[in-house]
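Visitor: A predicted structure for the sequence below; I have some questions about it.
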Amino acid sequence: MSHSNVPVITIDGPTASGKGTVAARVAERLSFHLLDSGALYRLTALQAMRRGVELRDEHGIAKLAEHLQVRFTGHDIFIGSENVAHAIRAEEVGNMASKIAALPAVRQALFALQLGFREAPGLVADGRDMGTVIFPTAKLKVFLTASVEARAERRYKQLIDKGFSANMDDLLADLQARDERDTKRAVAPLVPAADAHILDTSHMSAQDAIEQVLAWYAEVKE
Ligand code: DC
């Protein structure tokens, strides 16, 4: 099977819309590979923060992205021998990720890396521009969304569960700022693909969202 024939399901949407959970479970159910593209932006952000590369140094940050030595194994994410799966979930890393994601050279540097995840028997890709830019030929495109309040509540629970501290008002403000940046940026802004199925999960359980995506996929795969 050539790469372009490998089926892809893209799941795009704003931060904390539940796409991570839905994408991971759909991939599991279909025995497909998983691409958490947000993790690549978070990893690049973490490297920039650790090495003191500043936001205005677009070229320097793109270089970090280009040379990411990342290995995904199950729930673990390794840079060299260090497991950074926990560290990249911190809010300050997410905020920095959203800022560096607006830099065209950084997006360009991560482009080929993302295409490499398209391997048989199939791929579920989660992010912002999976259906619009990275995998425009995907078999199924889903745009997962939820009200900012529902997303702030989910993110709050997630952070507390992971042992981070969190404040609801700060989270709401953070999410709004991040939405604004992600949707207004000039390159690959967060917009649903013209042929995407929109799924509003404000009042929907993760389980129901997963079943809906699987049902849509069953309709399109021959
Ligand atoms: O999905 P996430 O919260 O882990 O993503 C972190 C940031 O990375 C998000 O604010 C925007 C950016 N991002 C992006 O620009 N394009 C993607 N495909 C995935 C994430």
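Guide: Arrived safely. Numbers count the residues shown, from 1 in each chain.

Visitor: and the gap between residue 85 and residue 158?
Guide: Plainly put, residue 85 is 13 Å away from residue 158 if you go by CB to CB, to the nearest Å. Yep, even glycine has a C-beta here, placed from its N, CA and C like the rest.

Visitor: and for residue 102?
Guide: Distance check for residue 102 against residue 158: by CB to CB, it reads 24 Å.

Visitor: more crowded one of these two?
Guide: Neighbour totals were compared for residue 102 and residue 158, and residue 102 leads with 18 against 15 (other CB atoms under 10 Å).

Visitor: what values do phi and psi take at the nearest residue to that one once chain neighbours are set aside?
Guide: With sequence-adjacent residues excluded and distances taken as CB to CB, 6 or more residues apart in numbering, residue 102 is closest to residue 185, at 4.2 Å. Backbone torsions for residue 185, taken as degrees, to the nearest 10, come to phi -70, psi 150.

Visitor: just checking, residue 179 touches residue 15?
Guide: Yes: Residue 179 lies in contact with residue 15 (CB atoms under 8 Å); the separation is 7.1 Å.

Visitor: who has more neighbours, the two?
Guide: Between residue 179 and residue 15, counted using other CB under 10 Å, the more crowded position is residue 15 (23 against 17).

Visitor: skip the chain neighbours and tell me the closest residue to the more buried one.
Guide: Residue nearest to residue 15 in three dimensions, not counting chain neighbours: residue 178, with 5.3 Å by CB to CB, 6+ apart.

Visitor: quick one: list the elements packing against the helix or strand hosting that neighbour.
Guide: In this assignment (DSSP states H and E), residue 178 forms part of helix 168-184. Judged by 3 or more CB pairs under 8 Å, 6 or more residues apart in numbering; DSSP states H and E, helix 168-184 is in contact with helix 91-100, helix 148-161.

Visitor: what residues does this structure have near the ligand?
Guide: Neighbours of the ligand within the chain, by CB under 6 Å from any ligand atom: 15, 37-38, 41-42, 94, 97-98, 101, 127-129, 178, 182.

Visitor: alright, I will stop here.
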